[in-house]
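> One predicted model, sequence on top.
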Amino acid sequence: MCKIFEYPTKEDKIYIHSLIQYFAKGQISRQTYMDLVANVLEKYNVKKIHMNGYRIKLEKYEGINIIILEGNEIYDYCPSCRSTLYRYMIPSGTKL
């Protein structure tokens, strides 16, 4: 009998989601965010994962990690109140 492991682990999902939030709030740079998320994906030897209703995809361009979030729309302002304090990630198809 084989044992099936969940990947990414719950801790890695929380970590990735935290990285997305830190980047959206401007607390870490874009490249730091992309490199740290890429480290998690590379740990599992995968190029994309599904989590929280969206896909995270890793691509490389001339040795640089590129993280693509699919299934979400990213705004430089709050779609409801138009605040520009943070960037906002809303699942595609969400009615505001």
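It's in. The structure presented is a predicted model; accordingly, all values stated were derived computationally and were not measured.
> can you pull the pLDDT of Glu59?
For Glu59, the pLDDT comes out at 93.
> Apologies, that question was intended for Ile67.
pLDDT at Ile67 comes out at 90.
> Same check on Met89?
67.
> And Lys48, by the same measure?
Per-residue pLDDT puts Lys48 at 88.
> Could you do Lys95 as well?
Model confidence at Lys95, given as pLDDT, is 57.
> Show the backbone phi and psi for the closest residue to Lys47 other than its chain neighbours.
Leaving aside its chain neighbours, Lys47 sits nearest to Leu58 (5.2 Å; criterion: C-beta to C-beta, 6 or more residues apart in numbering). Backbone N, C-alpha and C define where each C-beta goes, glycine included. Torsion angles at Leu58 (phi, psi; degrees, to the nearest 10) stand at phi -110, psi 130.
> Do I have it right that Leu58 meets Val37?
Yes - counting by C-beta atoms under 8 Å, Leu58 touches Val37, with 7.5 Å between them.
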